[in-house]
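Student: Quick one: sequence and predicted model below, then my questions.
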Amino acid sequence: MGNTAQASFSSTTNWISTGSMTQMYNGTVSFPSAAGWMTIILDAPFLYTGNNIVVAVDENVAGYSGSGCTFQYTTATNDVLYYRNDVTNPDPASPPTGTLSASRPNIQFDFFNSASPANVVTVNATTGTTTRSYPNVKYAFDAINSGIHQGNVTMEIGSADNQTLTVTSQSELLASGTGSASYSGLVIRPAYSNVTVSGSFPSSGTTTQGIINLTGSQNVVIDGRIGSSGTTKDLTIENSSTNGYASAIIFSGADNDTLRYCNIKSSTTSATSGGTGTVSFQYHSTGLGCNNNVVEYCNISKSGANLPYYAIASSNTVSANKSENNTVKNCNISDFQRAGIWIGNTGATDYNNLWTISNNNIFESVPVTISTTNYLNWAVYIGYHSSSNSYRQCSGVFTITGNTIGGDGAGGNWTVNSTTGTYTVSGGIFIYGSTTEYSEISGNDIGNFSIQTYVADQSYFKLYGFDGIYNHLGKVKIGTSAGNEIHDISVVHSSSSWGGFICGIYSSTGSDLSCEIMNNSIHDISLPSGNNEFQYFYGIYSYAGSSISTNRTNNNSVYKIDALKGRYVHGLYIDGGVESNHISSIATDGTIGELFGIRWVITGSSNAPNCRIDNNEIILGTDRNGNSTAVNKNIFGIHTNSQYVYLYYNSVLIDGVATTNNSACLRINTTGSGSNVINNLFYNNRSGGAGRHLSISAAINLTTYPTYLTSSNNAYIFGSNLGEYNTSTAFSGGTLAADLVSWTAGASNETNSRDTLNSQMPVASFFPDIASSDNLFPSADQWLCAGIVVSQTDDITGTARANPAPTTIGAYELSCTTLPVGLAAFDAQCSGEGIDLVWTTYSETNNNYFTIEKSEDGIAFTTIAKITGAGNSNQPLRYSVTDAESSESTVYYRLKQTDFDGSSTYSQIISTDCGNEIFDVSVYPNPASEFIDIRVTGSGRNDIVISLINAIGQELPVQIEKTSGGNYRILFDNEIPCGQYYVKIKSEKNLKCIKIVRM
């Protein structure tokens, strides 16, 4: 039964569609067995406009009735249209040609007096009926749909006596131009504070229903603010049904609509293939997509204790009518099972496109428990990846920027727990987007996760335990315009079998695609001890599987990783260009697996010079506290499988003490030709165990094929052996080379390379602060000033490389000047004999002698010793002298170097205080972007002054906060440009300067 404006049937095909009527009744009735009236109670409220009523009866049993039944009727021309057939059951949605009749069955309406419901929705319009009140939103929508209110319409919800509206069926707004609806714009907002519109439906069925359904609507604004001003959210829309098709707000083929400043809640606890969210976007049955809609400044969360599957969901499988240009921004999105935002379809390719997801806060305020059927938990999930390892693409382009993902909204962690026999696939952002155009994921903060995984088997898909960002087969730029930060994540594995993959950033693209991963920071990720092992950890994984990859992985930092339960642990696992990345302080234990700084797995040759490994800084073998790690695993600073490798300007340090196994700064794991190794610093300071600790390891048989390796202008520092070659398996057999002479005997190259033992050139000469991974030590400049000009024009910080030569070996371009003596280190240490003064030179030209001078005040110096120099030398030389007249107070020393021609230069002044403990300083992160933390330890940490100095010695105005004890923080603002600086820490008796880089 429906309310219709149609007055009669004009022809035998003039059936009335359900879409042009207001439904009054829909149900199944039984005919009486005896004469009399059939009674139907119209117990569902509806808006009656005073127009005609149409009654449609569908009796669909084959055969025909007996002759004993009689229907009473009244003659009314063209008021009846019917179709009947003994064998054909007509489709009510598309009825065949019928027959007109003047015999209209008698219908009697009985009316009962009852109190009218209170009117709590007021509609104002510029055309039609300008003002009228209604008992709920549905009646108001029905009035707008029937054309009662036209033009610019405003709907205000709530009254002085009632701010809570309970609805029992969906309130659907049709598009203007559908039927009698005629509005140019509609604003829906609360009239009073804390207005709630709630319901609990559907209880069953497979049709998505919402408290509000915007069906094809345009220019509708649902604004939760009184008077559409301010920031207070005074409108809550809530659906408490747990049915899989229950939503709070539905955009169905809607365009240019806005949902803002509202509290939106639902609790659907089962999934549908198209996805029903608390806020749902779906294409209309006519094929229309949703376009140019905005959801902003809303709180989207759970209703009651039940977590909805999706907070926001959009699905569109109609390629001809994509859902495009929709935006979700500045929202708090919390408490969901599978995804905070899901765009895609579980059963087919999806056609959402050009979505923007920006500046949202996405979190879980309560722990999420993973079950066998509900194994996903992501903040943003675009596309689909099933438990059977099948993927469903969402073919569009997406911009995901500036979101804060993680935590519980109150300073705690986003917590995910797995039940026994299940598995967890969770993380920050998952995308399977366009393969022809770039999506962008930039400037997101993903952190504060506590994940428990349980892998019942090692099926491929089930191995993905956690990923900060996961890209599958699409073109994407991750961090290109602004870096993502992935941090403070703890993942434990609770089953007896080994767990799967843990990744900061994971990208697997097709052979003709490319992925840019740039400017990202991945740190403070923990796979703690005391649990079962994960098979793999990757700071960044980027793999195309092609012979030549156009992937780019530049300017990323991976540090402070406690992968104690990781077997094969990687800073970067890459098959494209790798430039200006920083990798350090990665901890792992156990005896299975290996530790890699960069594992380069590209193959092929045609474009290999464009896929280089340049300007990377890698420090492995010690954890964030300087303790030895991976003591029973092989360590590789850089490991490459390709015969066409180009390594320029890398700085690699392997440090710490091993129990067993081996280490190499560089491993070339191929016997083929085409390896190019130029301008690199390879420092292996590792010791212990019976293994080999090398600067370089090569599978190439350099004796037979010396030209297979093009290597020059490198600096090798090592313990007992520089390297090995002709080793099909690293650290096994082959030929050991004790130094550069024996290495070049096989390789017949290494022009202008240099080498020395690590005992002659201390780590501090090149890496003075391993915890902060600072390689900017000016006293080592000259020994490293031996590089040649190659295709890389900048260093790891963006500083221009010297051209013409000499340029600097290693990741950092330093100031190369010609000095008679290159001083690598000058140090004073307290001992039982007095104060030991030790210095090392890496080169000497016409050096006659050194004079050691001492001062009590740092101003007036006296000579205490004279040491003869080497004259001319290109090898590191070590000198020492002991000042037996030590003091209980601070004393100062300097070196005076004198040439044969009588000219002289002075070193920097150093100080020591053997009567007082000095302080120690660590600075992190370094490089940094927004701030640096400074930790000062030791008895001399009190009464210190901290300042930031630029490259020309000027003290800069910065905000310095003392956070606790000896902990400080320097905050950078826009007045501090990117570049190199010094942190100066000074007390009454001590001074330390540490160089930092702002990126």
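Tutor: The structure has been received and is ready for your questions. This structure is a prediction, so every number in the text was calculated from the model and none was measured.

Student: Relative to S247, how far out is N292?
Tutor: Taking Cβ to Cβ, to the nearest Å as the measure, N292 and S247 are separated by 20 Å. (Each C-beta comes from the backbone N, C-alpha and C, glycine too.)

Student: is it true that P528 touches D562?
Tutor: Yes - P528 is in contact with D562 according to Cβ atoms under 8 Å; the separation is 6.8 Å.

Student: which of the two has more neighbours?
Tutor: In this view P528 and D562 are compared by other Cβ atoms under 10 Å, and D562 has more residues nearby, 21 against 12.

Student: Could you tell me which residues make contact with that one?
Tutor: 525-528, 587, 623-624 (Cβ atoms under 8 Å, 6 or more residues apart in numbering).

Student: 10 Å - rerun?
Tutor: 490, 524-529, 585-589, 623-624, 629 (Cβ atoms under 10 Å, 6 or more residues apart in numbering).

Student: Which PyMOL command selects the buried ones in those?
Tutor: Applying 16 or more other Cβ atoms under 10 Å to the contacts of D562, the buried members can be selected in PyMOL as follows:
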select buried, resi 490+524+525+526+527+585+586+587+588+589+623+624+629
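
Student: which regions of the stretch 851-999 of the chain sit below the pLDDT cut-off?
Tutor: 886-888, 915-920, 937-943, 951-953, 964-966, 988-991 (pLDDT under 70).

Student: Domain boundaries for this structure, per the record?
Tutor: The chain breaks down by automatic domain parsing into domains covering 1-114, 121-347, 819-915, 920-998.

Student: just flag whichever of these has the lowest average confidence.
Tutor: Among the domains of the chain, domain 920-998 has the lowest mean pLDDT, at a mean of 76.

Student: which residues of this protein fall in helices?
Tutor: Assigned by DSSP state H, the chain shows helices spanning 137-145, 740-747, 781-784.

Student: export those to TSV and tack on mean neighbour count and distance to S217?
Tutor: Output for the helices of the chain, formatted as TSV (neighbours: other Cβ atoms under 10 Å; distance: least, Cβ to Cβ, whole Å):
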stretch	mean neighbour count	distance to S217
helix 137-145	24	10
helix 740-747	19	73
helix 781-784	24	67
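
Student: need those in a markdown table with distance to G504, can you?
Tutor: Putting those into a markdown table (distance: least, Cβ to Cβ, whole Å) gives the following:
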| stretch | distance to G504 |
| --- | --- |
| helix 137-145 | 46 |
| helix 740-747 | 36 |
| helix 781-784 | 31 |
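
Student: Could you say which one of those comes nearest to M24?
Tutor: helix 137-145 (11.3 Å; Cβ to Cβ).

Student: so what does the closest one touch, helix or strand wise?
Tutor: strand 22-23, strand 121-128, strand 131-134, strand 149-157, strand 171-174, strand 183-190, strand 195-199, strand 209-215 (3 or more Cβ pairs under 10 Å, 6 or more residues apart in numbering; DSSP states H and E).

Student: so what strands line up beside the first one?
Tutor: By that I understand strand 22-23. Looking at strand 22-23 with DSSP bridges, its partner strands are strand 2-4 (antiparallel).

Student: One more: the second one?
Tutor: Strand 121-128 has the following strand partners under DSSP bridges: strand 131-134 (antiparallel), strand 149-157 (antiparallel).

Student: Pick the most deeply packed of the ones you listed.
Tutor: Greatest average neighbour count among the strands paired with strand 121-128 goes to strand 149-157 (a mean of 21), per mean count of other Cβ atoms under 10 Å.

Student: how many degrees apart are that one and strand 195-199 in direction?
Tutor: Here strand 149-157 runs at an angle of 100 degrees relative to strand 195-199 (axes from the mean of the first three to the mean of the last three Cα atoms, to 10 degrees).

Student: Would you pull up how far strand 149-157 lies from the middle of the chain?
Tutor: Distance of strand 149-157 from the chain centroid (Cα atoms, centre = their mean, to the nearest Å) equals 42 Å.

Student: do the same with stretch 147-158
Tutor: That offset, for stretch 147-158, works out to 43 Å (Cα atoms, centre = their mean).
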